[in-house]
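Novice: Kindly return the folded structure for what I paste below:
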Amino acid sequence: TKPSPSCVKLPPGAIDSILQTYSKNLFKIICNDLTAKKTIQNWLSINNTQNNITLIQENGPLFITYGVEESINQALSHRVAVNGGAELVFDQTETLCAIDVNSSRQMGKAGKAARDINLSVMKEISRQLRLRSIGGAILIDALKMNRANDRKQVLESLRNHIREDPSTSHVLGISNLGLIEMTRTRIGSTLAERML
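Specialist: Numbers count the residues shown, from 1 in each chain. Predicted coordinates for the structure are as follows:
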C-alpha cells in the first residue's frame, strides 16, 4: 500500500472564498468580529497588493445598520418592488429562473413606456441575480417592445449592468416569444437554498 500523504491542504474558509470571489468589486470591508478581522487582514496582506481595499472595524449589529437584513428578506421574496412603481416577480425551478416584469403604475414617455420601464428594471434584475445567487438559464418576460431599437437598448442596458458580475453571464437576445434569454454561471447554492 502507498503511504498516506503527510500534509493535506485545507480548503479555503468562508471569508477567504468570499474575498477571492468578490475582491475585484470591493473597495471597503466593514466587520465587527476580531477573528474575522484577523482573517481578512491576513488575506489582504497576501492578495491586496494595490492596497485598494480598506478594512474598517465597527461595533454593533452591522446587518441592521447597513440594511443587510432587509436586503436578504427582499432577496427571498417572490415579488420585488422597483423604484417608480414597477415590480419584478421571480419564479425559480431546478431547470431555470423566470423573471416577470410588471409595469404596475409606472409611466414612461408616450409610445416608449414599455422601453422606459424595461430600462428602469435592468439594474435591479442584475442586482437580484447576484443577491439570490441565481445561475443557469434565465428568462426575463419584459414588457413587449415593438421597435427593434428599443429592444436593442434594453439588451445593451442589461449587458452593461451584468458586466461587473463576478459570475460569468451572457445575454443571448430576445426569443420569438419576446423573452430575454440569458445564462449565468452557478457559484454554489442559491440564497434560498442556503437560508430556507
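Novice: which non-adjacent residue is nearest Ala36?
Specialist: Nearest-residue entry for Ala36: Ile15, 6.2 Å, with adjacent residues in sequence omitted and distances by Cβ to Cβ, 6 or more residues apart in numbering. Every residue, glycine included, has its C-beta placed from N, CA and C.
Novice: Assign that neighbour to helix, strand or coil.
Specialist: helix (DSSP: H, G, I helix; E, B strand; the rest coil).
Novice: In contact with it: list those residues for me.
Specialist: Ala36, Thr39, Ile40, Trp43 (Cβ atoms under 8 Å, 6 or more residues apart in numbering).
Novice: Show the average pLDDT along whichever helix in the chain runs longest.
Specialist: Determined from DSSP state H, the single longest helix within the chain is helix 113-132. Helix 113-132 carries an average pLDDT of 93.
Novice: Dump that helix to PDB, keeping only the CA atoms.
Specialist: The C-alpha coordinates for helix 113-132 follow below in PDB (Å, rounded to 0.1, in the frame of the first residue of the first chain):
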ATOM      1  CA  ALA A 113     -43.500  53.400 -21.900                       C
ATOM      2  CA  ALA A 114     -42.500  49.700 -22.300                       C
ATOM      3  CA  ARG A 115     -38.900  50.500 -23.200                       C
ATOM      4  CA  ASP A 116     -38.600  53.100 -20.300                       C
ATOM      5  CA  ILE A 117     -40.000  50.600 -17.800                       C
ATOM      6  CA  ASN A 118     -37.800  47.800 -19.100                       C
ATOM      7  CA  LEU A 119     -34.700  50.000 -18.900                       C
ATOM      8  CA  SER A 120     -35.500  51.100 -15.400                       C
ATOM      9  CA  VAL A 121     -35.600  47.500 -14.100                       C
ATOM     10  CA  MET A 122     -32.400  46.100 -15.700                       C
ATOM     11  CA  LYS A 123     -30.100  47.300 -12.900                       C
ATOM     12  CA  GLU A 124     -32.300  45.700 -10.200                       C
ATOM     13  CA  ILE A 125     -32.600  42.400 -12.200                       C
ATOM     14  CA  SER A 126     -28.800  42.300 -12.300                       C
ATOM     15  CA  ARG A 127     -28.500  43.000  -8.600                       C
ATOM     16  CA  GLN A 128     -31.200  40.400  -7.700                       C
ATOM     17  CA  LEU A 129     -29.400  37.700  -9.700                       C
ATOM     18  CA  ARG A 130     -26.200  38.400  -7.600                       C
ATOM     19  CA  LEU A 131     -28.100  38.600  -4.300                       C
ATOM     20  CA  ARG A 132     -30.100  35.500  -4.900                       C
END
